[in-house]
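Q: The sequence and its predicted three-dimensional model are supplied below.
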There are 2 protein chains.
Amino acid sequence: MAAEETIRVLVVEDHHVVRQGLVALLNVVDGIEVVGEAADGVDAITQIRKHQPHVTLIDLRMPRLTGVEVIQRIRMETPQARFIVLTTYDGDEDIYRALQAGAKAYLLKGMTTDDLVTTIRAVHSGKSHIPPAIAQRLAERMGTEELTPREFDVLEQIVHGRSNKEIASFLDISEATVKTHINSLLGKLGVTDRTQAATAAIQRGIVPLESLRKQKP
Amino acid sequence: MAAEETIRVLVVEDHHVVRQGLVALLNVVDGIEVVGEAADGVDAITQIRKHQPHVTLIDLRMPRLTGVEVIQRIRMETPQARFIVLTTYDGDEDIYRALQAGAKAYLLKGMTTDDLVTTIRAVHSGKSHIPPAIAQRLAERMGTEELTPREFDVLEQIVHGRSNKEIASFLDISEATVKTHINSLLGKLGVTDRTQAATAAIQRGIVPLESLRKQKP
DNA sequence: GAAGTTCTCAATCCATTGGTGGAGGTGGGG
DNA sequence: CCCCACCTCCACCAATGGATTGAGAACTTC
């Protein structure tokens, strides 16, 4: 490989402090140049089109467009674009969807500079770079069935602490139907009761933690 | 106030990227000097004793010693030490305990540079600086009773998805006693069933999300 | 030593939840 | 056109969970 080619990197991250940190770290590394920064999904797309970076570091949870959406859109028009996903917490669902969308690697924000640089170089040279622990869980998730939209609705309500009766009236269906959905989603999640379903949903990022404080009617 | 006095700041944060970001941001601000960095609680105490910073920016969740423990110990020996707490997610419990321990302000990692600098100046000049939204929830929490140790044990098991029977055998008490504890902790948390208790516990940071993947026997 | 807190346990009662099996209706894809 | 996935609903049953009341033992605090 051409050791002297400079890798052009774009940093997409809504947290100002983290973005600054990444840029500061990368700017002192030989062979890597930060060609731009973006703080939300829409901005990210603009910047990527403008700068055509070799590698884009991208956060998943952002205003306006999520990281996954950005990856999908860009890879539609530029399939050779390479993405490294950044997240704070390694929620399974996020990884899964990002890699589905075509991300080539995955980094936790607690990483070392070495991790960061190694991963950028690897991805730039065409490799994927998934930590074993994550690859492991990803493989497990592969065999798992997806929740249907309606099952997801019910799960969301369970996480919000609603009873079957409340869920039924909220979704305007009968309590019997709610039970049916619960029964099948318990199976798909591999758990045995609603409390486990709720914590699993939060832990895997199926239902975001932020949604909890909101809308409590 | 003396506008020409340089504020000596110490940054304590285990995430390398975030720490770099804070230092990079602060180093270009007039009147603020970063005198040191630490990546865990024990290191933090050493650095604070050595550099005697005016203000310490400190993360709460760290290896070896938590931020709260660091604040408690330092304020025992140096009550005039001032702390600004940093966290990613505004879990109520963390704020509560940190402010109890003597922290003077609270910042989310999604803050702007302005927030950061304003807060540091305010805290250095002796003020507290709590965002209204957080002060609000803090006030609500004030009237709330603390969980007893045993109630906490039970709540932890609930979050891990155990049934009353399993909790009873795990804690080596009768199922009746488990029910008693649950009954009183539901009241204290202001919820009506175990699923709500579980999500409330996670949301408020009473039981950390990280503990979920571990120990599942 | 009296008062308060916590932890322990029991009995009873009713509501909620989860398991099982079956069934009709819709809409899309082969 | 038929099959399949999904959504909807019913009935029945067993298990679990939560509310209530009451009470004894251990420990701390005043």
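A: Yep, that arrived.

Q: If you count neighbours, what's buried in the top helix by length along chain A?
A: Counting by DSSP state H, the longest helix found in chain A is helix A:175-189. By 16 or more other C-beta atoms under 10 Å in any protein chain shown, the buried positions in helix A:175-189 come out as A:178, A:181-182, A:184-186, A:189. Every residue, glycine included, has its C-beta placed from N, CA and C.

Q: Which entry within these corresponds to the minimum pLDDT?
A: pLDDT across the buried residues of helix A:175-189 is at its lowest for A:L189, which sits at 92.

Q: Please tabulate the buried residues of helix A:175-189 in CSV and include distance to DNA strand D as additional columns.
A: Shown next, in CSV, are those (distance: C-beta to the nearest atom of the strand, whole Å):
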residue, distance to DNA strand D
A:V178, 8
A:H181, 6
A:I182, 10
A:S184, 8
A:L185, 9
A:L186, 13
A:L189, 14
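
Q: And the contacts of stretch A:69-77?
A: Applying C-beta atoms under 8 Å, 6 or more residues apart in numbering or on different chains, the external contacts of stretch A:69-77 come out as A:12, A:41, A:44-45, A:48, A:56, A:58, A:65, A:81, A:83, A:85, A:98, A:101-103.

Q: which element follows the worst-scoring helix or strand of chain A on mean pLDDT toward the C-terminus?
A: Within chain A, no helix or strand scores below helix A:132-142, which has a mean of 71 by mean pLDDT, DSSP states H and E. Note on helix A:132-142: by DSSP states H and E, the next helix or strand toward the C-terminus is helix A:149-159.

Q: List the buried residues of the helix or strand just after that following helix.
A: Where DSSP H and E defines the elements, the next helix or strand beyond helix A:149-159 is helix A:164-171. In terms of neighbour count (16+ other C-beta under 10 Å), helix A:164-171 has its buried residues at A:164, A:167-168, A:170-171.

Q: show me which of these neighbour DNA strand D.
A: Residues of the buried residues of helix A:164-171 in contact with DNA strand D (C-beta under 7 Å from any atom of the strand): A:L171.

Q: Columns distance to DNA strand C and pLDDT on top of the buried residues of helix A:164-171, output as a markdown table?
A: Output for the buried residues of helix A:164-171, formatted as a markdown table (distance: C-beta to the nearest atom of the strand, whole Å; pLDDT from 0 to 100):
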| residue | distance to DNA strand C | pLDDT |
| --- | --- | --- |
| A:N164 | 3 | 96 |
| A:I167 | 8 | 96 |
| A:A168 | 9 | 96 |
| A:F170 | 13 | 96 |
| A:L171 | 14 | 95 |
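
Q: Throw the buried residues of helix A:164-171 into TSV and include distance to A:E156, thanks.
A: Below are those laid out as TSV (distance: C-beta to C-beta, whole Å):
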residue	distance to A:E156
A:N164	14
A:I167	9
A:A168	14
A:F170	10
A:L171	10
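
Q: so A:I120 touches A:E33, yeah?
A: No: taking contacts as C-beta atoms under 8 Å, A:I120 lies outside contact range of A:E33: 11.1 Å.

Q: anything in contact with each of these two?
A: A:7, A:9.

Q: Can you pick out the residue with more neighbours from those two?
A: Using other C-beta atoms under 10 Å in any protein chain shown, the more surrounded residue of A:I120 and A:E33 is A:I120, with 24 against 14.

Q: secondary structure element for the more buried one?
A: helix A:113-124.

Q: Using CSV, write down the CA coordinates of that helix.
A: Only the C-alpha atoms of helix A:113-124 are listed here, as CSV (Å, rounded to 0.1, in the frame of the first residue of the first chain):
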residue,chain,number,x,y,z
THR,A,113,-5.7,6.9,19.9
ASP,A,114,-4.2,3.7,18.6
ASP,A,115,-7.5,2.1,18.1
LEU,A,116,-8.7,5.1,16.2
VAL,A,117,-5.7,5.4,13.9
THR,A,118,-5.4,1.7,13.3
THR,A,119,-9.1,1.5,12.4
ILE,A,120,-8.9,4.4,10.0
ARG,A,121,-5.9,2.9,8.2
ALA,A,122,-7.5,-0.5,8.0
VAL,A,123,-10.8,0.8,6.6
HIS,A,124,-9.0,3.1,4.2
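
Q: Mind giving me the packing neighbours of it?
A: Counting contacts by 3 or more C-beta pairs under 8 Å, 6 or more residues apart in numbering or on different chains; DSSP states H and E, helix A:113-124 is packed against strand A:7-12, helix A:16-27, strand A:55-59, strand A:82-87, strand A:105-108.

Q: any chance of these in a markdown table, plus mean neighbour count?
A: Shown next, in a markdown table, are those (neighbours: other C-beta atoms under 10 Å in any protein chain shown):
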| stretch | mean neighbour count |
| --- | --- |
| strand A:7-12 | 23 |
| helix A:16-27 | 21 |
| strand A:55-59 | 26 |
| strand A:82-87 | 23 |
| strand A:105-108 | 21 |
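
Q: wait, which of these is closest to chain B?
A: helix A:16-27 (2.9 Å; C-beta to the nearest C-beta).

Q: so does the next helix or strand after that closest one get close to chain B?
A: Using DSSP H and E, the helix or strand that follows helix A:16-27 towards the C-terminus is strand A:32-38. No: Strand A:32-38 is not in contact with chain B by C-beta under 8 Å from any C-beta of the partner chain; minimum separation 12.0 Å.

Q: moving C-terminal of strand A:32-38, what's the next helix or strand?
A: Following strand A:32-38 toward the C-terminus (DSSP H and E): helix A:41-51.

Q: Tally up the residues packed near A:S211, please.
A: By other C-beta under 10 Å, 12 other residues sit near A:S211.

Q: ok, now how distant is it from A:Q157?
A: 11 Å (C-beta to C-beta, to the nearest Å).

Q: Which neighbours do these two have in common?
A: With C-beta under 8 Å, 6+ apart, A:S211 and A:Q157 have no common neighbours.

Q: which bits of chain A sit near DNA strand D?
A: A:146, A:148-151, A:171, A:173-174, A:176-177, A:179-181, A:193.

Q: how about 6 Å then?
A: A:148-151, A:173-174, A:176-177, A:180 (C-beta under 6 Å from any atom of the strand).

Q: Those into a markdown table, with extra columns for pLDDT and distance to B:R73?
A: Conversion of those to a markdown table gives the following (pLDDT from 0 to 100; distance: C-beta to C-beta, whole Å):
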| residue | pLDDT | distance to B:R73 |
| --- | --- | --- |
| A:T148 | 93 | 52 |
| A:P149 | 94 | 51 |
| A:R150 | 95 | 52 |
| A:E151 | 96 | 49 |
| A:I173 | 96 | 55 |
| A:S174 | 95 | 58 |
| A:A176 | 95 | 58 |
| A:T177 | 96 | 56 |
| A:T180 | 96 | 55 |
